[in-house]
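1. Here's a sequence, model it:
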Amino acid sequence: MDRAGIGRRGVLGAAGLALAGPVFAQPTGAKPRVTIQTGKGVIVVELEAKKAPLTSLNFLRYVDGHRYDGGTFYRASREPSAPGRGTIEGGPSAYARRFPPIPHESTRMTGLKHVAGTISLARLAPGTGTGDFFICASAQPYLDAHPGAPGDNEGFAAFGHVVSGMEVVRAILAQPTGGKAEVAAMKGQILTQPVPIVSMKRL
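-> Here you go, the predicted model:
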């Protein structure tokens with residue numbers, strides 16, 4: 001679930017994050033909130049920076065660096081039998097510089113789950129996630145880690161949830177998906193007209 005992560009490998013260690021600048025200072029007090037201004041309306045997310053610190057702070061680094069401004073929501077993955085259920089995926093523009101991948105914070109480590117409104121980091125293999133993310137329009141428990149299951153069972157790194165704007169998430173999910181897929185797994189899921197991410201900023 002990471003269009004820009006294709007071909008990227010390698011892991012940025014936690015020590016590297018700690019040295020990356022003041023944005024990576026451990027937050028205190030209230031949970032960070034970010035407003036996502038889209039072409040369909042505003043979504044506000046609250047980050048679980050204490051439960052998923054690496055993933056939350058990586059997201060904030062993109063936000064604070066304005067790397068998402070001018071990006072898009074480009075994918076709507078709907079359940080065939082229930083079109084109102086699924087996920088929407090977005091990320092920086094093709095021209096924005098990406099930070100190196102970060103270590104994978106599995107849901108078995110954080111205790112977070114992919115319920116309706118969860119925001120999570122897109123990836124290919126564990127440890128390849130950069131700036132692309134997705135939001136669950138409905139519960140998606142198969143995206144959680146499932147230790148003991150065959151193959152890649154580490155799931156995705158949930159790091160927060162929507163506190164306002166689920167109607168916008170659902171509106172994006174409902175957009176036509178006639179766009180060209182770069183990989184077979186995304187066939188029928190790429191938005192015909194990507195929804196602009198006008199800006200992101202902390203509240």
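2. Next SSE downstream of the lengthiest helix in the chain?
-> Assignment by DSSP state H gives helix 53-64 as the longest helix of the chain. Per DSSP states H and E, helix 53-64 leads on to strand 71-79 as the next helix or strand towards the C-terminus.
3. Would you indicate which residues of stretch 184-200 are buried?
-> Neighbour counts over stretch 184-200 (16 or more other C-beta atoms under 10 Å) mark 186, 189-191, 194-197, 200 as buried. C-beta here means a position set from N, CA and C on the backbone, and glycine is covered the same way.
4. who touches the most centrally placed residue in the chain in this structure?
-> Most central residue of the chain, judged by C-alpha distance to the mean C-alpha position with C-alpha atoms, centre = their mean, is residue 133 at 1.6 Å. Applying C-beta atoms under 8 Å, 6 or more residues apart in numbering to residue 133 gives the contacts 59, 89-91, 119-122.
5. try it again with 10 Å
-> Residues near residue 133 by C-beta atoms under 10 Å, 6 or more residues apart in numbering: 1-2, 36, 45, 55, 58-59, 62, 68, 73, 88-91, 119-123, 156-157, 159-160.
6. which strand residues sit across from it in the sheet?
-> Taking DSSP bridges, one finds residue 90, residue 121 as the beta-bridge partners of residue 133.
7. do residue 76 as well
-> Using DSSP bridges, the beta-bridge partners of residue 76 come out as residue 88.
8. For it, give me its contacts.
-> Taking C-beta under 10 Å, 6+ apart as the criterion, residue 76 is in contact with 83, 86-89, 134, 137, 169, 172-177, 179, 188-192, 195.
9. before we move on, what about residue 32?
-> Taking C-beta under 10 Å, 6+ apart as the definition of contact, the neighbours of residue 32 are 45-49, 56-57, 59-60, 63, 160, 202-203.
10. Local confidence estimate at it?
-> Per-residue confidence for residue 32 comes out at a pLDDT of 98.
11. For PyMOL, write a command that selects the buried ones of the contacts of residue 133.
-> Restricted to the buried members of the contacts of residue 133, where burial is judged by 16+ other C-beta under 10 Å, the PyMOL selection command reads as follows:
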select buried, resi 1+2+36+45+55+58+59+62+68+73+88+89+90+91+119+120+121+122+123+156+157+159+160
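12. circling back to that earlier point, now a ChimeraX select for only the buried ones of the contacts of residue 32.
-> The following ChimeraX line selects those of the contacts of residue 32 that are buried, judged by 16+ other C-beta under 10 Å:
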select :45,46,47,48,49,56,57,59,60,63,160
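13. Pick out the most distant pair among the contacts of residue 32.
-> The most widely separated members of those are 57 and 203, with 16.4 Å between them, by C-beta to C-beta.
14. wait, residue 152 sits on residue 127?
-> No - with contact defined as C-beta atoms under 10 Å, residue 152 does not count as touching residue 127 (11.2 Å).
15. neighbour count winner among those two?
-> Neighbours were tallied for residue 152 and for residue 127 using other C-beta atoms under 10 Å; the higher tally belongs to residue 127 (16 against 12).
16. how far away is that one from residue 69?
-> From residue 127 across to residue 69, the span is 27 Å (C-beta to C-beta, to the nearest Å).
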